[in-house]
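Novice: Okay, structure incoming, though there's no sequence with it:
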């Protein structure tokens, strides 16, 4: 059961932040748990992953709340059009002012070229999610969102007891 408390322990954020972010992002169908009635809000795996991504964008990558929501909307639109699960990807976010280019590393292959020198070759296959910046020289900063790590944290078996 994924509650504010268990998510806060898994993701490393305070349960107050989890509660605030869930109120911002996820419509609450259960009116009783929205009030201070003592009922615990329970999240689906998809909602928990969404909160983990949102929290990571804000806390780790230092995006504002509105920027994080914009990035999540673009990821959701891409996931719906491609009918892909986003749990396995690393997301590269290039930013120029308030314009984002988002790319997903959809496959990573690593093969050893030379055993003696311990040389490896890595192949990345990227897919563009949005492409709003025309000139790559105009990019102000690049940040990487590791959705695969967030997914593993959310999905790990919980040994947390209250």
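Specialist: Now that the structure is in, tell me what you want to look at. On a predicted model such as this, the values are computed, not experimentally measured, just so you know.
Novice: Confirm residue 7 sits in a strand?
Specialist: No. If the criterion is DSSP: H, G, I helix; E, B strand; the rest coil, then residue 7 is helix and not within a strand.
Novice: That one touches residue 17, doesn't it?
Specialist: No. Residue 7 is not in contact with residue 17 according to Cβ atoms under 8 Å; the separation is 9.8 Å. The C-beta positions use only the backbone N, C-alpha and C, and glycine is treated the same way.
Novice: So between these two, which is more surrounded?
Specialist: Between residue 7 and residue 17, counted using other Cβ atoms under 10 Å, residue 7 has the larger neighbour count: 28 against 18.
Novice: Tell me which residues touch that one, please.
Specialist: By Cβ atoms under 8 Å, 6 or more residues apart in numbering, the residues touching residue 7 are 13, 15, 18, 43, 48, 51, 52, 154.
Novice: hey, where'd the helices end up in the chain?
Specialist: 4-11, 15-25, 31-34, 45-55, 65-82, 147-155 (DSSP state H).
Novice: which of the contacts of residue 7 sit farthest apart?
Specialist: For the contacts of residue 7, the farthest-apart pair by Cβ to Cβ is 15 and 154; their separation is 15.0 Å.
Novice: more crowded one of the two?
Specialist: residue 154 (24 against 14).
Novice: what sits against the nearest residue to the more buried one once chain neighbours are set aside?
Specialist: Computed as Cβ to Cβ, 6 or more residues apart in numbering, the closest residue to residue 154 that is not its neighbour in sequence is residue 48, at 4.7 Å. Neighbouring residues of residue 48 by Cβ under 8 Å, 6+ apart: 2, 7, 154.
Novice: what about the protein, any weak spots by pLDDT?
Specialist: 28-38, 82-88, 96-99, 106-109, 122-140, 158-162 (pLDDT under 70).
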